[in-house]
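K.L.:
Got a sequence here, can you build the structure:
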Amino acid sequence: MIGKGIKMKTTFKNEIREARRRKAEGRPPWSLLDRRIRNPREARAALPYGKAVIPHSGNWVIDRPDGGESPEGRAIYIHIPFCPAICSFCGYIRSVSSGDTETSAYADALKKQIFRWGRTAWAGAAPFRAVYIGGGTPTVLSPDLLTGILEAVRSAFIVDADCEITVESRFQTVGGDYVKQLAEAGVNRMSFGVQSFDTDLRRSLGRTADGRTMIEILERTRSEGVENICIDLMYGLPGQTGEIQREDLKRLQDSPASGCSVYPLIFFENAILSKGIRKSGTDSPADLRKEYEARRLAEEYLTEVIGWEAYSPVQYADPSVDRAVYARARSRRWDILGMGQGAASMLGTTLAMNPVQAEAYLAGQAAGCDQGLAVLKLPEPYVRSRRWRQLSEGSGVDMEAVRGSAPEMDRAVPDLIGAGLVEERDGALKLTETGRFWAGNISAWISEAIAQSIANTPEE
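P.N.:
Residues are numbered from 1 along each chain as shown. You can find the predicted model right below:
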């Protein structure tokens, strides 16, 4: 952890001032900076907890170090690491499933963790408003295993009557009456990784479903009881043209989807696709312009043609259908309880992460405790100042709510506005269209400002 009174060398203020200078010169939006940050891990790299996590064994889950009720809400994240195949662009915690024996053992371990958490006084203190089952591909599990996990959640925790329950899925894993069984178990939101409706482009990414099949499955998902359907689209993919992207957006509009996340290609170190593409320390102006125009095309189509709302720089939805409770919670001051291999929890001032390796996670649950859990007590200044995340990862931030929590950000606001990255409206700061393109960089600047605030806070 960053210690008391340490002077940090910050570069973000110079970067913001340089962006403002370039804006004053009349430079186009994509050339305000030399390099675009796309990877959320890089955007948070300056935060001090990255090097401070320590191994922890025993029943930490029972003797939680900081009890108390979250000021804004609670959500649950459950990680299912298995996939039918590894996609070339993916860099998350995942593995190819070896069959029912492996997935059954994992589901049993997960239910042990769920029920152990459920017995705590903390778990019973307030209801949970969102449950998100992600991966990996959760629907690699059999319907009985996945609905059994949901039944365990409902049995162990207080879940709101209108709780948003999301399951991530892939098209080839929801055959038969799988979706119907999920809907009957309470799932009311499903997320599918489309990336593109172009069959050839999808297959170059390791995806197998063709465009027509995907539309049919989305329609069947709606008819079998899941009204809220979200998909992912990507831009900046090798071989992707503007024509392909426009066709993707038209097919999205004609589908039953109620929400869409639009991402650039992110270069994860452990992704197969990234290993074949060498990236330098800067982006070429041509590449940045192409990405800017692709992101702008998507945003204009989703907001102006379809009429959806943007609730983050990459996420759009029909607000009458998709409340995006879990997605919004991640940038707000919520408690998020993470269960499963590699899942992270943010509980008050405590950050905890389950073992990334399957063997370690399974061994801990078999022993009846969270053996191998990584735990960190976060400094109070971080908890106060993380509301700034709503600027770069949400739909905006109330100025009074964040004022003084990260003084370096307070001082940076005039330059952010001068650079055309941020605008002030009705007492709130919001990203402009240009700011949404550079949201990853702005998130990295917020991380630096939070780290500076922690460094300058006297230890008690």
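K.L.:
So what's the residue count around residue 254?
P.N.:
Residues lying near residue 254 (other C-beta atoms under 10 Å) number 9. Where you see a C-beta, it was placed from the backbone N, CA and C, and this is true even at glycine.
K.L.:
which residues touch it?
P.N.:
residue 215 (C-beta atoms under 8 Å, 6 or more residues apart in numbering).
K.L.:
so how far is residue 219 from it?
P.N.:
In this view, residue 254 and residue 219 are 10 Å apart by C-beta to C-beta, to the nearest Å.
K.L.:
what's the longest helix in this protein?
P.N.:
Taking DSSP state H as the criterion, the chain has its longest helix at helix 100-118.
K.L.:
Contacts for that one next, please.
P.N.:
Here helix 100-118 makes contact (C-beta under 8 Å, 6+ apart) with 61-62, 78, 80-82, 97, 123-124, 140-142, 145-146, 148-149, 152-153, 155-157, 337, 339-341, 358, 361-362, 365-366, 368-370.
K.L.:
so where's the chain shaky on pLDDT?
P.N.:
1-10, 48-71, 85-98, 267-282, 458-460 (pLDDT under 70).
K.L.:
quick one: whichever helix or strand residue 359 is part of to helix 100-118, angle?
P.N.:
Using DSSP states H and E, residue 359 sits in helix 358-366. Helix 358-366 and helix 100-118 are oriented at 50 degrees to each other (axes from the mean of the first three to the mean of the last three C-alpha atoms, to 10 degrees).
K.L.:
Can you list the buried residues in helix 358-366?
P.N.:
358, 361-362, 364-365 (16 or more other C-beta atoms under 10 Å).
K.L.:
Make JSON lines from these and add distance to residue 402 to it.
P.N.:
JSON lines is the format used below for those (distance: C-beta to C-beta, whole Å):
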{"residue": "358", "distance to residue 402": "39"}
{"residue": "361", "distance to residue 402": "36"}
{"residue": "362", "distance to residue 402": "41"}
{"residue": "364", "distance to residue 402": "37"}
{"residue": "365", "distance to residue 402": "39"}
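K.L.:
Now residue 13: which helix or strand?
P.N.:
Assigned by DSSP H and E, residue 13 belongs to helix 12-24.
K.L.:
hmm, who's touching the helix or strand that comes right after that helix?
P.N.:
Using DSSP H and E, the helix or strand that directly follows helix 12-24 along the chain is helix 40-43. Applying C-beta under 8 Å, 6+ apart, the contact partners of helix 40-43 are 37, 392, 440-441, 443-444, 447.
K.L.:
Neighbour-wise, give me the winner out of those.
P.N.:
Result: residue 392 is most packed of the contacts of helix 40-43 (other C-beta under 10 Å), 26 neighbours.
K.L.:
which SS state does that one fall under?
P.N.:
helix (DSSP: H, G, I helix; E, B strand; the rest coil).
K.L.:
which residue packs closest to it, ignoring adjacent ones?
P.N.:
Nearest non-adjacent residue to residue 392, counting by C-beta to C-beta, 6 or more residues apart in numbering: residue 443, 3.9 Å away.
K.L.:
what do you get for residue 240?
P.N.:
Among residues not flanking residue 240 along the chain, residue 201 sits closest, at 6.0 Å (C-beta to C-beta, 6+ apart).
K.L.:
so how many other residues sit close to that neighbour?
P.N.:
20.
K.L.:
likewise residue 83?
P.N.:
Residue 83: 21 neighbours (other C-beta under 10 Å).
K.L.:
That one contacts residue 136, doesn't it?
P.N.:
Yes - at 5.6 Å, residue 83 and residue 136 qualify as touching, with contact defined as C-beta atoms under 8 Å.
K.L.:
separation between the closest residue to residue 73 other than its chain neighbours and residue 109?
P.N.:
Excluding the flanking residues, the one nearest residue 73 by C-beta to C-beta, 6+ apart is residue 334, at 4.6 Å. Distance of residue 334 to residue 109, computed by C-beta to C-beta: 26 Å.
K.L.:
do residue 400 as well
P.N.:
45 Å.
K.L.:
So for the two, which sits in the more crowded spot?
P.N.:
Higher neighbour count among residue 400 and residue 109: residue 109, with 20 against 9, using other C-beta under 10 Å.
K.L.:
mind giving me the domain ranges of the chain?
P.N.:
12-47+382-455, 74-329 (automatic domain parsing).
K.L.:
just checking, what packs against the strand ranked longest in the chain?
P.N.:
Taking DSSP state E as the criterion, the chain has its longest strand at strand 159-169. Packing partners of strand 159-169 (3 or more C-beta pairs under 8 Å, 6 or more residues apart in numbering; DSSP states H and E): strand 128-135, helix 143-156, strand 189-195, helix 325-329.
K.L.:
Now do the same contact list for residue 245.
P.N.:
Residue 245 makes contact with 196, 235, 294, 297-298, according to C-beta under 8 Å, 6+ apart.
K.L.:
Filter those down to just the ones in helices.
P.N.:
Taking DSSP H, the ones among those that sit in helices are 294, 297-298.
K.L.:
which among these gets closest to residue 173?
P.N.:
Using C-beta to C-beta, residue 298 is the member of these that lies nearest residue 173, at 26.5 Å.
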